[in-house]
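Engineer: prediction below, plus the sequence it came from.
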Amino acid sequence: QKMSRAAERLRLLITHLDRPPAAIAGASSGALSSHSTAAPYTFGNNLLTPEQRLFYEENGFLLIKNLVSEEDIDRFRREFERICRQEIKVPGLVVMRDVAIAKSEFVPDQKAVSKLQDFQEDPELFRYCSLPEILKYVECFIGPNIMAMHTMLINKPPDAGKKTSRHPMHQDLHYFPFRPADRIVCAWTAMEKVSRQNGCLVVLPGSHKGTLQEHDYPEWEGGVNKMYHGVRGYDPQHPRVHLEMEKGDTVFFHPLLIHGSGMNQTQGFRKAISCHYASGDCYYIDVKGTTQENIEKEVKEIAARKYAVGDEITLKDTWAVRGRLVQGARISM
Ligand SMILES: CC(C)CC(=O)SCCNC(=O)CCNC(=O)[C@H](O)C(C)(C)COP(=O)(O)OP(=O)(O)OC[C@H]1O[C@@H](n2cnc3c(N)ncnc32)[C@H](O)[C@@H]1OP(=O)(O)O
Ligand SMILES: Nc1ncnc2c1ncn2[C@@H]1O[C@H](COP(=O)(O)OP(=O)(O)OP(=O)(O)O)[C@@H](O)[C@H]1O
Ligand SMILES: O=C(O)CCC(=O)C(=O)O
Ligand SMILES: [Fe+2]
Ligand SMILES: [Mg+2]
């Protein structure tokens, strides 16, 4: 059988150097030595086609059409609405409002909620993180031991006129005190059609091959949401790709991939659900003295207020309590 060009290129890239998942399950140090092979960002386990694998290696993301069923998405949407109406209370859940309305009167309605974070204690929403169709792809990027570390349901509101619905270009690794980066992946599923009009994801292809950059609040006149840091000195000339997606389409992306989302110029609330996964054999790092110190400071301030704890809480603690094993073994996380 004749190989496609992508398959041939990939074969040349990974000859003799591939890491079969079986070998990794028993030898975690091998799994963790990132960039030790010519195809460092993926595992060859026969799910990804050579074209898909090469695409992720080169671009740092992979879009899979129609991965999550309409029925599941409708269930997540109904659960989200129940939470907004305050019919259920979920331990640990963060309900975020857009900065443009943060100081106005609260109404228990989805119009007041721009994002849910940390829904790991909500069985219905957390079902997303354990969906077999998601996990089989996650395994291609981070191996068989899988922790769900960070969960979000984003309800990007119609822009209130100050462009605060934008999410500045950033690398998710800025928020994570664990490594290696190559054993972390985000799954992001569109809960409805997302387009440039309602603020789809925007990515800089190939940026995952760079290093973690300095992040800070962008200097935006209309205001910026809490913790929405952007890469410093963002170059608007860099080629961007807008990821327009249909309901159920899912993009997997690397935590160093620079991405953001534009303004929502429609009257609808643009919904997506996502989970960041890390390998169970990742390890925590101390971010002191690194570019991540500024976000650590903010996280600690919020944790101190929310849980009335002092400086003894570490950034690592805030992650270790939220992480949930969804497949394989929890080794060092
Ligand atoms: C990879 C991944 C991690 C990347 C990302 O997700 S980047 C974004 C990360 N975002 C987050 O982690 C969410 C952070 N947000 C939160 O923790 C919460 O929404 C809070 C900002 C703490 C507000 O929650 P809560 O304290 O329950 O709300 P309150 O209504 O009592 O407001 C307290 C003070 O915060 C202000 N506030 C609320 N929402 C926002 C906002 N969106 N942007 C900026 N400031 C905000 C609010 O005005 C109030 O301020 P003061 O009255 O104390 O001056
Ligand atoms: N100074 C900046 N720093 C960081 N990110 C930025 C900056 N300016 C814009 N962005 C981000 O770049 C991405 C694209 O922004 P933009 O507002 O152009 O959206 P868009 O979807 O391309 O809209 P349009 O169709 O109007 O061009 C968004 O993620 C936005 O938040
Ligand atoms: O859904 C979006 O707008 C992007 C959110 C995002 O990138 C994030 O919260 O890290
Ligand atoms: Fe992000
Ligand atoms: Mg624009």
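Structural biologist: Yes, it's here. Ligands and ions are numbered 1, 2, ... in the order given.

Engineer: in the protein, which residue sits closest to ligand 3?
Structural biologist: Relative to ligand 3, the nearest point of the chain is Ser261 (3.3 Å; C-beta to the nearest ligand atom). C-beta: built from backbone N, CA, C; applies to glycine.

Engineer: is that residue bridged to anything, and to what?
Structural biologist: His167, Leu201 (DSSP bridges).

Engineer: that one: neighbour count?
Structural biologist: When neighbours are counted by other C-beta atoms under 10 Å, Ser261 registers 24.

Engineer: other SSEs contacting the strand or helix carrying Leu54?
Structural biologist: Using DSSP states H and E, Leu54 sits within helix 50-59. In terms of contacts (3 or more C-beta pairs under 8 Å, 6 or more residues apart in numbering; DSSP states H and E), helix 50-59 is packed against helix 5-14, strand 61-64.

Engineer: tell me which residues in it are buried?
Structural biologist: Pro50, Gln52, Arg53, Leu54, Phe55, Tyr56, Glu57, Asn59 (16 or more other C-beta atoms under 10 Å).

Engineer: of those, closest to Phe43?
Structural biologist: Ranked by distance to Phe43 (C-beta to C-beta), the buried residues of helix 50-59 are led by Arg53 at 9.0 Å.

Engineer: residues touching that closest one, list them.
Structural biologist: By C-beta atoms under 8 Å, 6 or more residues apart in numbering, the contact list for Arg53 reads Leu10, Ala39, Thr42, Gly44, Cys140.

Engineer: could the residues you listed be laid out in TSV, adding neighbour count?
Structural biologist: Below are those laid out as TSV (neighbours: other C-beta atoms under 10 Å):
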residue	neighbour count
Leu10	27
Ala39	17
Thr42	25
Gly44	16
Cys140	22
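
Engineer: filter those to keep only those in contact with ligand 3.
Structural biologist: By C-beta under 6 Å from any ligand atom, no member of the contacts of Arg53 lies near ligand 3.

Engineer: so which of those residues belong to strands?
Structural biologist: Per DSSP state E, strands hold no members of the contacts of Arg53.

Engineer: would you turn the residues you listed into TSV with distance to His238?
Structural biologist: As requested, these are exported to TSV (distance: C-beta to C-beta, whole Å):
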residue	distance to His238
Leu10	26
Ala39	24
Thr42	24
Gly44	30
Cys140	27
